[in-house]
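Q: okay, structure incoming, though there's no sequence with it:
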């Protein structure tokens, strides 16, 4: 039986994607950076990172339509029934908060976390690594940083492994960031404040009005004089 036009097009797309995957793997083994590979192959750096961490060729997966999936459960609710427990949706943000703060869980949240860990037991290892890194930041102790980086790189979580590899590029700066009490947080806060004030004016005002809003202690007479001189 001859393949249909759609099937033939799908096979060609898969073959082209497989060839790009092989090119990425080859360039990665030769020591090319992610952005260099992305520029040469013509894909995003995120895709390069996922492909280099993949153990085999990643087949395309059909994205689910949540509205279509929710339809039978809505009809089940309308009849007074309840959906099965194995179809519970686990939000990534909510689960991260519950896993990292066990002391604040309610009884219902504990049951929710237990059901999640039964479905995804590897989340225990991810939680353990995350808590170890958070402990280093809170205690300002970088003595176990090298051991944590080795454990993260050898873990089965590609995003955590990539994060650890990036930290290894400038290990001395990372150690200083953990142990030092100084931070550029206040500077970033002021920069964010200046940008917010500037965007509130929609670009219709000049530097004098921006300076007046940022430095309110300056006298109005001096500001008026400078505005007159500039005019």
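A: Thanks, I have the structure now. Predicted, not measured: the structure shown is a model, and the values here were computed from it.
Q: now do the buried residues in stretch 137-155.
A: Residues 142, 145, 148-149, 151-152, 155 are the ones in stretch 137-155 that count as buried (16 or more other C-beta atoms under 10 Å). Just so you know, the C-beta spots here come from the backbone N, C-alpha and C atoms, and that holds for glycine as well.
Q: secondary structure, distance to residue 173 and pLDDT added to the residues you listed, as TSV?
A: Output for the buried residues of stretch 137-155, formatted as TSV (DSSP: H, G, I helix; E, B strand; the rest coil; distance: C-beta to C-beta, whole Å; pLDDT from 0 to 100):
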residue	secondary structure	distance to residue 173	pLDDT
142	coil	11	90
145	helix	12	93
148	helix	16	95
149	helix	14	94
151	helix	21	93
152	helix	17	92
155	coil	23	90
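Q: nearest to residue 198, of those?
A: residue 142 (37.7 Å; C-beta to C-beta).
Q: tell me who's in contact with that closest one.
A: Applying C-beta atoms under 8 Å, 6 or more residues apart in numbering to residue 142 gives the contacts 136, 174-175, 178-179.
Q: which of those residues fall in helices?
A: Judged by DSSP state H, the contacts of residue 142 include 136, 174-175, 178-179 as members of helices.
Q: follow-up on the earlier one: which of the contacts of residue 142 are buried? Put it as a PyMOL command.
A: Burial among the contacts of residue 142 is assessed by 16+ other C-beta under 10 Å; the matching PyMOL selection reads:
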select buried, resi 136+174+175+178
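Q: and of the contacts of residue 142, the nearest to residue 18?
A: Of the contacts of residue 142, the one sitting nearest to residue 18 (C-beta to C-beta) turns out to be residue 174, at 37.0 Å.
Q: so what's the closest one closest to, chain neighbours aside?
A: Closest residue to residue 174 apart from its sequence neighbours, by C-beta to C-beta, 6 or more residues apart in numbering: residue 167 at 5.0 Å.
Q: would you mind confirming that that neighbour makes contact with residue 150?
A: No - using C-beta atoms under 8 Å, residue 167 is not in contact with residue 150, being 11.6 Å away.
Q: what pLDDT is listed against the most centrally placed residue in the chain?
A: Using C-alpha atoms, centre = their mean, the residue of the chain that lies closest to the mean C-alpha position is residue 159, 8.8 Å off. At residue 159, the model reports a pLDDT of 85.
Q: and what of residue 5?
A: What the model reports for residue 5 is a pLDDT of 71.
Q: ditto for residue 219
A: Note on residue 219: pLDDT of 53.
Q: neighbouring contacts of the biggest helix by length in the chain?
A: If you go by DSSP H, the chain has its longest helix at helix 5-29. Applying C-beta under 8 Å, 6+ apart, the contact partners of helix 5-29 are 3, 36-37, 40-43, 48, 51-52, 57-60.
Q: can you pull the buried residues of whichever helix or strand comes after that helix?
A: Scanning forward in sequence from helix 5-29 by DSSP states H and E, the next helix or strand is helix 34-41. Within helix 34-41, the residues that qualify as buried are 34, 37-38, 41, counting by 16+ other C-beta under 10 Å.
Q: swap in stretch 184-199?
A: residue 198.
Q: and what of stretch 39-56?
A: Buried residues in stretch 39-56, counted by 16+ other C-beta under 10 Å: 41, 43, 47-49, 51-52.
Q: burial count for residue 164?
A: When neighbours are defined as other C-beta atoms under 10 Å, residue 164 has 21 of them.
Q: does it count as helix, strand or coil?
A: For residue 164, the assignment made with DSSP: H, G, I helix; E, B strand; the rest coil gives helix.
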